[in-house]
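Chemist: Just to be clear, the model below is a prediction. Sequence and coordinates:
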Amino acid sequence: MATRKTRRQTLLVTGIASRMGRMLARQLHEDFDLIGIDQRGARLIPKNVMVHAVDMRRRPAEDVFRRNRIDAVVHLGEEDVPRRRGERQSPLVTTARRVLELCQAHSVPKVIVLSSALIYGPNPENDQYLTEDAPVQAGQRFSTMRDRVEIDLFSGTFFWQHAEADTVLLRPAAIVGRLDNAPSRYFGLRAIPTVLGFDPMMQVVSPEDVLLAIQLTLKPGVRGVFNIAGPRAVPLSMLIHKLRKRNVPIPEPAFPLVASVVGGLPRRAFPRPEIDYLKYVCMVDDSRARSVLGYEPKLSLEQTLLPLVA
């Protein structure tokens with residue numbers, strides 16, 4: 001008697017042309033029927049991955065959902081979504097909203113949204129390690145985090161309103177590596193400016209460990225919010241030492257101007273409110289991810305920092 005062939009699950013990844021997206025595609029393309037949506041098209045992505053070079057907010061993206069039986073969606077939340085003519089709201093936010101709307105409309109049973117632990121916000125009154133129940137405060141003072149906070153909050157609302165879907169919200173610590181994000185750009189500087197008199201404890205995590213967490217959340221029945229931390233937390237000064245970079249302490253009043261000169265970046269690269277991330281603690285407790293998902297970072301601190309070492 002012939003055995004019935006089991007259908008492979010179909011996984012859709014938004015932002016698949018990003019470095020994180022390409023890494024995820026290489027890890028999962030043999031285990032899933034993988035579909036990607038990214039305006040940049042298929043760049044350095046396995047040939048068996050179907051990539052649709054369309055705007056997530058346009059009608060062709062909905063056609064992808066309509067024509068495929070999608071078992072899970074991973075929304076990576078890329079920052080370089082172009083703004084459409086006349087669009088008032090951030091394209092990062094409108095894209096994320098559209099992803100969740102399409103998941104609801106087409107009854108996608110698993111939705112994974114990549115957020116950030118940085119949305120908790122640095123604060124001298126923070127607990128040493130923040131749990132998933134801690135208030136999300138970064139949007140109050142940090143303009144660059146408001147979109148991330150908004151996406152995180154309405155993703156949480158989606159979780160409660162649509163219990164039929166296993167919705168997962170991942171909040172990783174600062175992701176560092178060969179990425180075009182703020183932590184990687186900062187630690188990638190030849191000389192790293194710090195705030196004179198401050199040396200906060202910090203957590204970093206590798207893209208590889210974040211992708212491991214995503215893979216673990218694809219298991220059936222996994223849902224909820226999970227903090228994702230990397231190897232042990234260390235003071236900022238030790239991170240700089242391990243990177244073999246020069247630590248340049250700067251008095252806070254002069255920080256934006258002097259730091260831009262030291263780092264060779266525009267002054268706007270160091271907005272004054274964001275300096276608090278270099279002064280106060282913003283670390284997370286990832287014990288829930290460890291107990292529920294079986295998550296444990298695979299890379300040591302030295303391995304995590306290796307792509308940025310001088």
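Modeler: Everything's here; your move.

Chemist: and residue 300, how many neighbours does it have?
Modeler: 13 (other CB atoms under 10 Å). The way it works is simple: take the backbone N, C-alpha and C, and place the C-beta from them, glycine included.

Chemist: and the nearest residue to it once chain neighbours are set aside, how far is that from residue 159?
Modeler: Nearest residue to residue 300, sequence neighbours excluded (CB to CB, 6 or more residues apart in numbering): residue 231, at 5.5 Å. As judged by CB to CB, to the nearest Å, residue 231 and residue 159 stand 29 Å apart.

Chemist: Then residue 225?
Modeler: Distance, residue 225 to residue 159, by CB to CB: 8 Å.

Chemist: Please identify every residue contacting each of those two.
Modeler: residue 169 (CB atoms under 8 Å, 6 or more residues apart in numbering).

Chemist: how about the helices in this protein?
Modeler: For the chain, the helices defined by DSSP state H cover 19-28, 59-67, 91-105, 146-161, 182-187, 207-217, 236-242, 255-263, 287-288, 301-305.

Chemist: will you turn those into TSV that also has mean pLDDT, mean neighbour count and distance to residue 36?
Modeler: Formatted as TSV, the helices of the chain follow (pLDDT from 0 to 100; neighbours: other CB atoms under 10 Å; distance: least, CB to CB, whole Å):
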stretch	mean pLDDT	mean neighbour count	distance to residue 36
helix 19-28	95	20	7
helix 59-67	96	14	9
helix 91-105	94	19	13
helix 146-161	93	18	20
helix 182-187	94	19	22
helix 207-217	98	21	14
helix 236-242	98	18	33
helix 255-263	91	18	34
helix 287-288	98	16	29
helix 301-305	98	18	26
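
Chemist: Any chance of CSV for those, columns distance to residue 73?
Modeler: Below are the helices of the chain laid out as CSV (distance: least, CB to CB, whole Å):
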stretch, distance to residue 73
helix 19-28, 12
helix 59-67, 9
helix 91-105, 6
helix 146-161, 12
helix 182-187, 25
helix 207-217, 11
helix 236-242, 34
helix 255-263, 37
helix 287-288, 22
helix 301-305, 27
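
Chemist: list the contacts for residue 111?
Modeler: Applying CB under 8 Å, 6+ apart, we find residue 111 in contact with 72-73, 75, 99-100, 103, 158, 165-168.

Chemist: right, and residue 288 touches residue 131 too?
Modeler: Yes: at 7.5 Å, residue 288 and residue 131 qualify as touching, with contact defined as CB atoms under 8 Å.

Chemist: circling back: between the contacts of residue 111, which sits nearest residue 8?
Modeler: When the contacts of residue 111 are compared for distance to residue 8 (CB to CB), residue 72 wins out at 11.9 Å.

Chemist: Count residues in the vicinity of the nearest residue to the closest one once chain neighbours are set aside, would you?
Modeler: Computed as CB to CB, 6+ apart, the closest residue to residue 72 that is not its neighbour in sequence is residue 110, at 3.7 Å. Using other CB under 10 Å, residue 110 has 23 other residues around it.

Chemist: before we move on, what about the one 5 residues further on?
Modeler: Residue neighbour count, defined by other CB under 10 Å, stands at 25 for residue 115.

Chemist: my guess is residue 221 meets residue 166, correct?
Modeler: Yes: under the criterion of CB under 8 Å, residue 221 makes contact with residue 166 at 6.6 Å.

Chemist: quick one on the thing from earlier: closest to residue 26 out of the contacts of residue 111?
Modeler: Of all those, residue 26 sits closest to residue 72, with 17.4 Å by CB to CB.

Chemist: Would you mind confirming that the closest one makes contact with residue 113?
Modeler: No: contact between residue 72 and residue 113 fails when scored by CB under 8 Å: they sit 11.8 Å apart.

Chemist: Those two: who's more crowded?
Modeler: residue 113 (27 against 22).

Chemist: Nothing else from me, thank you.
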